[in-house]
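K.L.:
Predicted model and sequence below, questions to follow.
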Amino acid sequence: MTENLKNIFTNNAELAAKFSTISFPTKKTEEWIYTNPSILFDGIEALESEKVSVENTGDITFSNGKLIGNKTVFEITKEISDAKSNDAVTLLQEAADSYKATFNTSSSRPIYIHQNYETNDNKNLSASSLNLHITKNTKVTIVEVVGGTEIGLHSGITKLTLEENARVEYVKVLPTGLNDKYLGSVITNQARDSFFNGVIVTLGGKISRHHLIANLNGENATGNFHGLFTLDNNQHSDTFSHIKHHAPKTYSSQLYKGALGGDSRGVFTGKLYIARDAQEVDANQLSKNLLLSPKAHVDTRPQLEVYADDVKAAHGATVGQIGEEEIFYLQSRGIDATTAFNMLCDAFSADVIDHIENSSVREYLTSELKNKSLTKNEEK
């Protein structure tokens, strides 16, 4: 598999050399034990090099990682891909053309970035690499929407750099229309007094894998990282999250929720790291999952790695079902069983959506959730 993947780096000798020196993950790799890498990468041997004709609906629009439209005042420039990572999968994602968008003016209106992925062959990787740089004292809401209807592997890596006192709300959405496989990474670096509020919503994709790597580097930096995956049929979604507190008096909160029907499988691995000198840190993490079918399955693993002694750190996980009592209670109020079930599912999901501050983005996600109708499956 890795020999084929080396062909991805045909136009980047530096990345190819670095990739050849690093072990690629296998099903025995701790971070991949619930998602065999082969189901994503087997057969992939070329990078989709051509953009396709797509509707330019976003404020900023990309096609197969190439910029095709920018309706904003913000500058977007092409740059050299980063070869500093020691992770083979991250290097693979870096093979795409890299762009940097600089947000140096506050905006009350959300900025929508549309990432469209289309492959001509199921052996191709369609990929994007985007660096979002938010300057000092800037406040902005960014919504990244993933789209792709063709078979193959779609990959997107997004890096966000927050300067001092920057305030960012970032939402990433995999809508129901997304087909086949998706690999996504979000990497944040936060300076002093910055605030990040992030939400990742997974509705579509037959197989999806998300990496969230957060670095709180400056004192009084706050990072909120939330997520929701609603799965049905035989969908598979895996999230690996690593929140790193490198500085004292930094704060993080994480809530990940999964609602699973059919034969779907969800995975959440969440790590909290607190460095030795990062005193007076307050960090919490919670994973909550709702099984809507006897064949649905979820694996959740919250983890703490703490080296400082003056911190508040907590984690927890729950897995449950909608009880007959809750359904009966709503039925006793004149609501039929199906409507009652859907209401309870909506209430479960709304907890994550409500963490988004921008009201128009909340409305957009609520609308997307309505397109994803999960039904209760009784065991036969």
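P.N.:
Now that the structure is in, tell me what you want to look at.

K.L.:
Assumed F348 was part of a helix.
P.N.:
Yes: using DSSP: H, G, I helix; E, B strand; the rest coil, the assignment for F348 is a helix.

K.L.:
wait, what's in contact with the residue lying closest to it once chain neighbours are set aside?
P.N.:
Nearest non-adjacent residue to F348, counting by C-beta to C-beta, 6 or more residues apart in numbering: L290, 5.4 Å away. For glycine as for every other residue, the C-beta is placed from the backbone atoms N, C-alpha and C. Neighbouring residues of L290 by C-beta atoms under 8 Å, 6 or more residues apart in numbering: K257, G258, A259, L260, G320, Q321, I322, C345, F348.

K.L.:
Of the residues you listed, keep whichever come out buried.
P.N.:
K257, G258, A259, L260, I322, C345, F348 (16 or more other C-beta atoms under 10 Å).

K.L.:
In a markdown table: those residues, plus distance to D309, secondary structure and pLDDT.
P.N.:
Shown next, in a markdown table, are those (distance: C-beta to C-beta, whole Å; DSSP: H, G, I helix; E, B strand; the rest coil; pLDDT from 0 to 100):
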| residue | distance to D309 | secondary structure | pLDDT |
| --- | --- | --- | --- |
| K257 | 32 | strand | 95 |
| G258 | 33 | strand | 94 |
| A259 | 38 | strand | 93 |
| L260 | 38 | strand | 93 |
| I322 | 42 | coil | 82 |
| C345 | 42 | helix | 80 |
| F348 | 37 | helix | 86 |
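
K.L.:
so which of these would you say is closest to F103?
P.N.:
K257 (28.8 Å; C-beta to C-beta).

K.L.:
Bridged to the closest one, which residues?
P.N.:
L228, K288 (DSSP bridges).

K.L.:
Kindly report the same for F62.
P.N.:
L67, Q115.

K.L.:
you'd agree it is up against N70?
P.N.:
No: using C-beta atoms under 8 Å, F62 makes no contact with N70, being 9.8 Å away.

K.L.:
between the two, which one's more packed in?
P.N.:
Shown here are F62 and N70; by other C-beta atoms under 10 Å, F62 has more neighbours (27 against 18).

K.L.:
Can you give me the pLDDT of the more buried one?
P.N.:
You'll see F62 listed with a pLDDT of 94.

K.L.:
contacting residues around it?
P.N.:
I68, Y99, I113, H114, Q115, N116, S128, L130.

K.L.:
at 7 Å what do you get?
P.N.:
I68, H114, Q115, N116, S128 (C-beta atoms under 7 Å, 6 or more residues apart in numbering).

K.L.:
what do you get for E79?
P.N.:
S98, Y99, K100.

K.L.:
With secondary structure, neighbour count and distance to T141 as added columns, please give the residues you listed in TSV.
P.N.:
Output for the contacts of E79, formatted as TSV (DSSP: H, G, I helix; E, B strand; the rest coil; neighbours: other C-beta atoms under 10 Å; distance: C-beta to C-beta, whole Å):
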residue	secondary structure	neighbour count	distance to T141
S98	strand	19	23
Y99	strand	20	19
K100	strand	16	19
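
K.L.:
Lowest-confidence one in these?
P.N.:
Where pLDDT dips furthest among the contacts of E79: S98, at 93.

K.L.:
Just to check, that residue is in contact with A83?
P.N.:
No: counting by C-beta atoms under 7 Å, S98 does not reach A83; the two are 10.7 Å apart.

K.L.:
how about CSV for the buried ones among the contacts of L290, with distance to V89 added?
P.N.:
As requested, those are arranged in CSV below (distance: C-beta to C-beta, whole Å):
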residue, distance to V89
K257, 25
G258, 22
A259, 27
L260, 25
I322, 36
C345, 33
F348, 31
